[in-house]
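Novice: predicted model and sequence below, questions to follow.
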Amino acid sequence: MAPLPERLRPKDPGDFEGQPHLFGPGKPLRIMLEDGHVHSMVLWGPPGVGKTTFAGLLETKTKRPFYKLSAADSGIKAVRTVIEKAAERIALHQSPPILFLDEIHRFSKSQQDALLGAVEKGVITLVGATTENPSFEVNPALLSRCRVYKFEQLGKAELERILQKAIEKDEILSKIKINVKETDELLRASGGDVRKLLHGLESVVAAKTKGGKKELILDNQTTREVLVNILPEYDKAGDQHYDIISAFIKSIRGSDPDAAIYWLHRMLEGGEDIKFICRRMIISASEDIGLANPNALLLANSCMHAAINTGLPEAAIPMTQTAIYLACSPKSNSAYLAMHSARDLVRKYPNSPVPKHLRNAPDKLSRELGHGKDYAYPHDYPNNYVPQNYFPEDIPPTELYQPGVNPYEQQMIKKWEDKKSGSSSTEREE
């Protein structure tokens with residue numbers, strides 16, 4: 001008997017759950033399945049959201065020769081064989097076949113190039129599927145000959161409808177009285193992947209109906225009891241990857257070193273990439289600590305080099321040290337807020353010309369045009385400071401940086417204000 005995800009795979013476009021922007025009435029993939037006109041395309045989205053299901057519907061509805069390959073276990077030889085068969089059909093004035101290439105991002109650039117001519121000439125219609133951004137993982141020349149359709153992750157309501165459909169319509173589950181009380185744990189374990197969701201449901205039902213039982217109460221406790229030893233406790237590609245790094249960074253931001261190193265070691269024990277963790281600590285050192293303790297950025301950056309050069313298990317030592325240091329450091333997000341303020345100002349005035357006195361003047365013509373004229377060289381003035389406008393002429397001088405309320409920034413600003421006021425006093429005396 002096929003697994004539940006295969007048994008429940010939609011056979012008709014109207015049964016497709018989710019992706020209303022693609023499969024709703026009048027939407028592009030729904031129209032394609034109804035009229036049979038298929039063009040080359042790339043289906044982009046997370047696992048278990050319907051890319052392979054759509055390919056199966058294409059095979060059923062179009063009645064055209066259909067080849068399925070996976071870049072994970074097929075080489076360029078298999079692709080060339082498909083292209084040769086397609087060319088033979090074209091020579092006999094028959095319709096070109098459809099090639100569904102799953103995980104197309106796993107093909108190298110040169111392997112993808114082998115598809116280019118056949119797609120361009122219409123020898124094959126390519127349907128590629130990928131979980132990665134095709135703008136980065138698919139050759140631009142090949143991508144320009146395909147339309148990209150973005151599949152979104154399914155929401156709670158859609159996943160619950162799929163669960164209900166499985167319980168009511170599946171030939172096996174429908175014979176069991178399943179009383180659904182709670183689904184949160186099952187949904188969480190799936191990470192939004194329909195295949196994982198249905199495999200999880202099937203595992204819970206199988207475990208709790210041993211011995212011929214025909215009744216089951218589906219709740220969070222029952223789900224945890226069954227799936228704790230089946231599903232991984234830390235999924236580097238799933239929601240836990242993002243949830244735990246979020247908890248780690250928020251513990252640092254909240255100045256809790258104990259929680260920070262707990263989440264750090266949850267990730268390390270789960271096999272998380274140490275470079276990913278170190279990158280997040282570098283970002284936190286700037287975003288959450290910033291100018292309250294500029295040394296935090298230096299230590300976080302050094303931690304990455306130390307961790308990479310040392311490797312696990314010893315890399316955990318400098319990583320733990322850095323996590324504690326960041327959590328215990330004073331906090332300021334003034335640089336982070338200044339970044340957003342500056343970005344907003346740039347977007348408001350995207351093409352403001354550089355004032356002439358600030359322009360570079362490397363040659364005679366530039367100088368004759370007034371570039372650099374009237375620029376005051378700060379080092380020629382007391383305290384290396386002289387008031388002058390550094391903004392474009394159509395933008396009033398704007399205060400983008402607001403100092404944080406912490407000793408380092410307050411001291412830094414006080415020294416800067418003293419420097420400016422001292423320079424101004426000297427100028428007035430002169």
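Specialist: Alright, I've got the coordinates. What you are looking at is a predicted structure, and each value in this text was computed from that prediction instead of being measured.

Novice: how about low-confidence regions in this structure?
Specialist: Low-confidence regions of the chain, defined by pLDDT under 70, span residues 229-240, 423-430.

Novice: which parts of the protein are strands?
Specialist: According to DSSP state E, the chain carries its strands in the segments 41-44, 66-70, 98-102, 125-130, 147-150, 177-180, 215-218.

Novice: out of those strands, nearest to residue 23?
Specialist: Closest approach to residue 23 among the strands of the chain is made by strand 147-150 (10.2 Å; C-beta to C-beta). Where C-beta positions appear, they are placed from N, C-alpha and C, glycine not excepted.

Novice: hang on, the earlier thing: let me have the strands of the chain in TSV, extended by distance to residue 380 and mean neighbour count.
Specialist: Output for these, formatted as TSV (distance: least, C-beta to C-beta, whole Å; neighbours: other C-beta atoms under 10 Å):
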stretch	distance to residue 380	mean neighbour count
strand 41-44	57	24
strand 66-70	68	17
strand 98-102	66	23
strand 125-130	59	24
strand 147-150	57	15
strand 177-180	79	14
strand 215-218	79	16
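
Novice: wait, isn't residue 161 in contact with residue 8?
Specialist: No - Residue 161 is not in contact with residue 8 according to C-beta atoms under 8 Å; the separation is 11.8 Å.

Novice: the two: who's more crowded?
Specialist: Legend: neighbour count by other C-beta atoms under 10 Å for residue 161 and residue 8, higher for residue 8 (22 against 13).

Novice: got a list of what the more buried one touches?
Specialist: Contact analysis of residue 8 by C-beta atoms under 8 Å, 6 or more residues apart in numbering lists 162, 165-166, 169-170, 198.

Novice: would JSON lines of those with distance to residue 217 and neighbour count be doable?
Specialist: Converted to JSON lines, these look like this (distance: C-beta to C-beta, whole Å; neighbours: other C-beta atoms under 10 Å):
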{"residue": "162", "distance to residue 217": "20", "neighbour count": "19"}
{"residue": "165", "distance to residue 217": "20", "neighbour count": "16"}
{"residue": "166", "distance to residue 217": "17", "neighbour count": "23"}
{"residue": "169", "distance to residue 217": "20", "neighbour count": "12"}
{"residue": "170", "distance to residue 217": "18", "neighbour count": "18"}
{"residue": "198", "distance to residue 217": "19", "neighbour count": "27"}
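
Novice: which of the residues you listed sit farthest apart?
Specialist: Top of the distance list for the contacts of residue 8 (C-beta to C-beta): 169 and 198, 12.3 Å.

Novice: hmm, back to that, in helices only, show me the contacts of residue 8.
Specialist: 162, 165-166, 169, 198 (DSSP state H).

Novice: which one of those is nearest residue 402?
Specialist: The closest of these to residue 402 turns out to be residue 162 (C-beta to C-beta; 48.7 Å).

Novice: surely that closest one and residue 198 touch.
Specialist: Yes - with contacts counted by C-beta under 8 Å, residue 162 reaches residue 198, the gap being 7.3 Å.
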